[in-house]
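Got a predicted structure plus its sequence, pasted below:
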Amino acid sequence: MDPVHYDVIVIGAGHAGCEAALAAARIGVRTLLLTMNLDTVALMPCNPSIGGPAKGHLVREIDALGGEMGRITDQTFIQIRQLNTAKGPAVQALRAQADKRLYGLAMKRTLEHTANLDLRQAMVERIERVQEEGAPPHLDLVTNTGRVYRSRALIVTTGTSLAGRIIMGDVAYEGGRTGEAAAKGLSGSLRALGFELGRLKTGTPPRIDARSIDFARAERQEGSAIPLSFSFDGPPEQPYLLPPNPVYPPPAATAWRPQMACYLVASTPQTHDIIRANLHRAPMFNGTIESRGPRYCPSIEDKVVRFAEKTSHGLFLEPEGWETNEVYLQGANTSLPEDVQWAMVRSIPGLERAEIMRLGYAIEYDYVPTHQTGATLESRLVPGLFLAGQINGTTGYEEAAGQGLIAGINAARLIRGELPLILRRDQAYLGVMIDDLVTHDLTEPYRLFTSRAEYRLLLRQDNADLRLTAIGHAVGLVGGERAAAVEAKRSAIDAELARLGRTHLSASDDLRRRAADLGLGDLSRSVSAQELLRRPEASYAALLALGVGDPALAAAVAEEVEIEAKYAGYIVKQRREVDRVARLEDRRLPGDIDYAAIGGFRREAVEHLSRFRPATLGQAARLAGVTPADVAVLMVQLERAAAAR
Amino acid sequence: MKDDTIAAIATPLGLGGVGIVRISGPEARAMGAALFDRPLGDHRLVYGGIHDPADGSIIDHALGALMLAPHTYTGEDVVEFQCHGGPVVLRRALGATLAAGARAAEAGEFTLRAFLNRRLDLAQAEAVLATIAAQTDAAQRLAIAGLEGSLSRRVGEVRRTLLDVLAYLSARVDFPDDDVPPDDIRPQLTAAHDALARLLAGATVGALYREGVRTAIVGRPNVGKSSLLNRMLERERAIVTAVPGTTRDVIEETASVRGVPLVLIDTAGINEAIDPVERLGVERSRAALRSADLILLVLDGSTPLSADDRALLEAAGERPAIAVVNKADLSPAFETAALPLSAVRVSALTGVGMEELADAIVARLGAHGSGASSLEQALMASARQVDAIRRARLAVEEALRGVAAGAPEDMAGVDLAEAVRALGEITGEDVTEDLLDAIFSRFCIGK
């Protein structure tokens, strides 16, 4: 059979693959999305939640750039909450409990209704480079039925499927996700193309049958009483809802939308005794698993060992959807054998009669260490081959989706002959994540935290639209109307900040009394409305009450005005720091520098520079083992090369 | 694009020659005007006095020059003070610019700015490349020395305290559902702030005058190392302080030789005194050899060279070193000309040869040798340390102010990250990795 031609082909329809395929197709190139199983598109094999600190920020950024994750989460969640409400604006974040099945179905429907996009079930056996005379290089995909697909850009998003190995106690078998086959051929194919592969490990907890849980003995956690949404489009008018499953206690009424509750239980000393007595059967401790698991996602056996002084660990019961009985036991990751999992779960108050529907397990899988990948997510080794998601060593649906979006954008831009999109660390968590990946070696799966972002006051969830909508519009994923609305919002914020700066409150007795009534402190000295807003106790609502706010101002604008005024000190400081290093970030490094041939570097610097091949001086400076003196050598070298040309 | 204003000693330190303190950046002009008692004109040399902003005293009479952008080395506004070269004076002048708000430049930073402003020509680039190669060596040696130093250790302690607080704040932020009970961070912040203030006070009046060329006195036992140390200190009558190492058996004292502060490290130290039969291992001397900027290898001129002597001579040959052939009052057992190092015969007992030794030291640290570059590095390194400590203290102060004003607790984390990052410049540690380690080892969190 002749090869079937596409502009962009995506292998894998997980969270990375779906965003990648949607982005490429929406930009306007012919795109094919291949999956091993059309029934598991956008599957959530682990926890049924999306968002949280840093991850929620990512979802907002994906939405601002024109990605899909935020909208589909808003359509299908069973609960949403705003986290860290008592903390500063930089770390407030949304988290939703997803209906796993609905999420996948909604994503599949979106894929199926997208122009330029074909969705197919096929098992890819191998990837081959094709170089025909007079034609640009291509990549061929050969499926297990012998079909050949050909494209100039290929995005590999195979998640944990690469040579995946699932482990429970002394039982181990090959598999990508529970119940799925592993993609074995592809690992060999990537090796044959010259990629170095690494191995990582992660795990998941058991799922409990809701009928066997005594919810009365668990603490309830309700969803938000006020409307919330990841997408800047706002809450959908017609979310996908199903009648609540009667095995759960009746949900509390939240007027804006039906939601389900989650529940909190806790382990006991007896639970810990059971785990300790069986540690010799735990693959993490008896040597069956050698790769290191993530520190931030410890197994319950790990927690019991490392924090031996704690007699109880909190565990969350999270329904996996409106209709299913499966309840995710968050916090109880384990790879202990089946009998221990049963005993352990049943030692938890409220779960004495628990029936486990799915066992917890650990999974080891191949990944492609990212020193082989550029900040565009295109591999350096095979031009046109992009890598996104868990194959890059990350964990989390949000991290995968974010990379998929960037890879999809850049694959499409490659086809169209446009410059790639690289987001900077001061522009987006997406930029922080990818920059971290291409400048550091991983020792555990990579997850985003707010503490990874040095400019987190600039990278808030509330201003993701202001940061990224224009970029989404420029790459062709965001419509003109939405882009114009964001620019109008920006103007409104600036105008209101300026107005508040000009508005002086003269210290009349009446004003002082009203300010004191509102708890705004002393107004004996004349201040501008903006200065007043800076006081910790002040808010835009208080300005309205004082009669100096603008009652017609949109709530989203007022929120930005309040944050920009209140945290101006921090924001200005971080912007100044961004400016300070900006020129390092702007100086690009040629891809073909022979670092070993340049004198003046220390050996460690040569090693890291050669391995990671930084794209900019800024990236070079962030590599481990590269000192300011090495950067100076590098820049002198650039100058020398420029003079030679 | 806006840069901050940086300052550094911009010349290798000649002895008795001219040394330049350079300020570059948007505030250079204002800082120059504040520090100099005569008006500065563009591209003109003006003779005047540099003030210490702390007490108004005159640090030095110097030539001041203002050079306005873009036709300057860095392409920014530049002010240069050409001082009288002595390290202590240069250091005070540099200290004054930092007190006036400049940040201590990092190695190669002037060049970096020149490069970014496209002011670096190829000849300059080549020259800089050679200098950096030498400086990198020196910086590495300093890093080794720094890690062993008490300053670095104390900075490390404060940093760990702050990292703990930061880990707590980050754990609460990134794992809001997990069990991280609220805590009052003020006592820890106040303690860290006070510790930094003490370090700063000590560093500015102490370290600025104390730290200089780290000079190791090495040699096998009983060749007269301690006698030489005592003789050098006594002869100069310039003991600034004695700091017995608290964890290591090393005594550090400072002597001034022809105006150059030498930090003398006696590797004989306490152990040898307590236990005269303990053999000073060659290995221990080797460690001193690696970290010092200058090595005084003491040999007993009255006995033939031993195997240990030869091993030390070989090791010292790779570094700036002088062979000090002691016991010139006794009859010589070998020819100094045969030694692989430049050698001086002295008698620590009588003082014979000490003038020649001073000459040899100054020659070894000559303006064009690697010694001068090491000295400059030493001075710059400590100025950067002071600057880093000051930035850290300011950041902790900001954090405390925020907490007191009722700002959300995570806002303190922004300041603390800045403080931990600044202190990490001294200890050479990376904030993100250390922080994640601290979070996950202290708090049982994660799902």
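Structure's in. What do you need?

shaky segments in the stretch 101-250 of chain B?
B:107-108, B:120-152, B:201-212, B:234-250 (pLDDT under 70).

where do the strands sit along it?
Ranges of strands in the stretch 101-250 of chain B, per DSSP state E, counting those that start in this stretch, are B:103-104, B:213-218, B:242-244.

Columns mean neighbour count and distance to chain A on top of those, output as CSV?
C-beta coordinates here come from the backbone N, C-alpha and C atoms, glycine included. Output for these, formatted as CSV (neighbours: other Cβ atoms under 10 Å in any protein chain shown; distance: least, Cβ to the nearest Cβ, whole Å):
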stretch, mean neighbour count, distance to chain A
strand B:103-104, 23, 10
strand B:213-218, 27, 19
strand B:242-244, 13, 28
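
and of those, who's closest to residue A:553?
strand B:103-104 (40.2 Å; Cβ to Cβ).

Can I take it that residue B:262 is in a strand?
Yes: under DSSP: H, G, I helix; E, B strand; the rest coil, residue B:262 sits within a strand.

my guess is it contacts residue B:361, does it?
Yes: applying Cβ atoms under 8 Å, one finds residue B:262 in contact with residue B:361, separated by 7.4 Å.

list residues touching both of the two?
Residues touching both residue B:262 and residue B:361 (Cβ atoms under 8 Å, 6 or more residues apart in numbering or on different chains) are residue B:294.

Name the residues that touch the helix or strand where residue A:72 lies?
Using DSSP states H and E, residue A:72 maps to helix A:69-76. The contact list for helix A:69-76 (Cβ under 8 Å, 6+ apart) reads A:15, A:19, A:42, A:50-51, A:59-60, A:62-63, A:96, A:98-99, A:102-103, A:106-107, A:110, A:229-233, A:235-236, A:239-240, A:397-398, A:401.

that older thread, save the strands of the stretch 101-250 of chain B as CSV, and put in distance to residue A:618 too.
Listed next are the strands of the stretch 101-250 of chain B as CSV, based on distance: least, Cβ to Cβ, whole Å:
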stretch, distance to residue A:618
strand B:103-104, 19
strand B:213-218, 34
strand B:242-244, 40
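
related to what we said a few turns ago, can you say which of the contacts of helix A:69-76 are buried?
A:15, A:19, A:42, A:50-51, A:59-60, A:62-63, A:96, A:98-99, A:102-103, A:106-107, A:110, A:229-232, A:240, A:397-398, A:401 (16 or more other Cβ atoms under 10 Å in any protein chain shown).

now the end-to-end length of stretch A:616-627.
Criterion Cα to Cα, to the nearest Å; first-to-last residue distance in stretch A:616-627 is 15 Å.

got it, and stretch A:62-73?
With Cα to Cα as the measure, stretch A:62-73 spans 12 Å from end to end.

any idea of the mean pLDDT for it?
The average pLDDT within stretch A:62-73 is 98.

Mind listing residues that contact whichever strand or helix holds residue A:125?
Per DSSP H and E, residue A:125 falls inside strand A:124-130. If you take Cβ under 8 Å, 6+ apart as the criterion, strand A:124-130 is touched by A:11, A:34, A:137-144, A:150, A:154, A:156, A:183, A:185-186, A:188-190, A:192-193, A:382, A:385.

If you go by neighbour count, which of these are buried?
Using 16+ other Cβ under 10 Å, the buried ones in the contacts of strand A:124-130 are A:11, A:34, A:138-143, A:150, A:154, A:156, A:183, A:185-186, A:189-190, A:193, A:382, A:385.

Show the contacting residues for residue A:436.
By Cβ under 8 Å, 6+ apart, residue A:436 lies in contact with A:446, A:452.

How many residues are close by residue B:437?
Residue neighbour count, defined by other Cβ atoms under 10 Å in any protein chain shown, stands at 13 for residue B:437.

oh sorry, the question was meant for residue B:181
Residue B:181: 7 surrounding residues under other Cβ under 10 Å.

where does the stretch 351-500 of chain A come near chain B, residue by residue?
Residues of the stretch 351-500 of chain A lying near chain B by Cβ under 8 Å from any Cβ of the partner chain: A:449, A:450, A:451, A:452, A:454, A:456, A:457.

Of those - the most surrounded one?
Tallying neighbours with other Cβ under 10 Å puts residue A:456 at the head of those, with 27 neighbours.

SS state for that one?
From three-state DSSP, the assignment for residue A:456 is coil.

Which pLDDT value belongs to the closest residue to it other than its chain neighbours?
Leaving aside its sequence neighbours, residue A:456 sits nearest to residue A:90 (Cβ to Cβ, 6 or more residues apart in numbering or on different chains; 4.5 Å). On pLDDT, residue A:90 comes in at 93.

quick one: residue A:90 and residue A:460 touch, right?
Yes: applying Cβ under 8 Å, one finds residue A:90 in contact with residue A:460, separated by 5.3 Å.

between these two, who's got more neighbours?
residue A:90 (30 against 22).

Which elements pack onto the worst-scoring helix or strand of chain A on mean pLDDT?
Here the helix or strand of chain A ranked lowest by mean pLDDT, DSSP states H and E is helix A:628-644, holding a mean of 72. Other elements packing on helix A:628-644 under the criterion 3 or more Cβ pairs under 8 Å, 6 or more residues apart in numbering or on different chains; DSSP states H and E are helix A:603-612, helix A:617-622, helix B:109-116, helix B:122-148.

Which other helices and strands does the first one contact?
With contacts defined as 3+ Cβ pairs under 8 Å, 6+ apart, helix A:603-612 has these neighbours: helix A:628-644.

which residues of the stretch 251-400 of chain B score low on pLDDT?
Using pLDDT under 70, the stretch 251-400 of chain B drops low at B:251-254, B:256, B:258-261, B:266-288, B:291, B:365-384.
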